[in-house]
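Engineer: Predicted model, plus sequence, below.
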Amino acid sequence: MFEGPHENRLFMGIIGMTVILQIVMVEVLNDFADTEKLNWGQWEICIAIAALSWPIGWIVKLIPVPVPEMVENI
């Protein structure tokens with residue numbers, strides 16, 4: 001599951017489009033999206049938080065979850 005996500009062209013395309021759309025929404029469509037432009041420091045903080053989300057998500061997915069027993073319908 002964790003091997004090769006960067007090799008999947010569709011996945012990388014979706015990530016790329018998401019990044020581009022977020023930049024456009026924040027920097028260009030201020031009135032439409034009711035956003036404020038960010039300075040470089042604020043962009044760096046956003047990128048750092050986004051970069052932390054992947055390893056945190058991987059750690060959370062490694063936590064074992066008990067499987068509920070099958071219940072027979074009566």
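Structural biologist: Nice, I can see it.
Engineer: Quick check: which ranges of this protein have low pLDDT?
Structural biologist: Within the chain, the stretches with pLDDT under 70 are 1-3, 70-74.
Engineer: Give me the buried stretch members for the helix ranked longest in it, please.
Structural biologist: The longest helix of the chain (DSSP state H) is helix 40-61. For helix 40-61, a neighbour-count test (16 or more other CB atoms under 10 Å) marks nothing as buried. (Glycine included, C-beta is placed from N, CA and C.)
Engineer: Just the C-alphas of it, formatted as PDB.
Structural biologist: The C-alpha atoms that make up helix 40-61 are tabulated as PDB, following Å, rounded to 0.1, in the frame of the first residue of the first chain:
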ATOM      1  CA  TRP A  40       5.900  33.100   1.700                       C
ATOM      2  CA  GLY A  41       6.100  32.300   5.500                       C
ATOM      3  CA  GLN A  42       2.400  31.300   5.500                       C
ATOM      4  CA  TRP A  43       2.800  29.200   2.400                       C
ATOM      5  CA  GLU A  44       5.800  27.400   4.100                       C
ATOM      6  CA  ILE A  45       3.700  26.600   7.100                       C
ATOM      7  CA  CYS A  46       0.900  25.200   4.900                       C
ATOM      8  CA  ILE A  47       3.400  23.100   3.000                       C
ATOM      9  CA  ALA A  48       4.900  21.800   6.300                       C
ATOM     10  CA  ILE A  49       1.500  20.900   7.700                       C
ATOM     11  CA  ALA A  50       0.600  19.100   4.500                       C
ATOM     12  CA  ALA A  51       3.900  17.200   4.500                       C
ATOM     13  CA  LEU A  52       3.300  16.000   8.000                       C
ATOM     14  CA  SER A  53      -0.200  14.700   7.100                       C
ATOM     15  CA  TRP A  54       1.100  11.700   5.100                       C
ATOM     16  CA  PRO A  55       3.300  10.200   7.700                       C
ATOM     17  CA  ILE A  56       0.700  10.800  10.400                       C
ATOM     18  CA  GLY A  57      -1.900   9.100   8.200                       C
ATOM     19  CA  TRP A  58       0.400   6.100   7.600                       C
ATOM     20  CA  ILE A  59       1.000   5.700  11.400                       C
ATOM     21  CA  VAL A  60      -2.800   5.900  12.000                       C
ATOM     22  CA  LYS A  61      -3.400   3.200   9.400                       C
END
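Engineer: No further questions, thank you.
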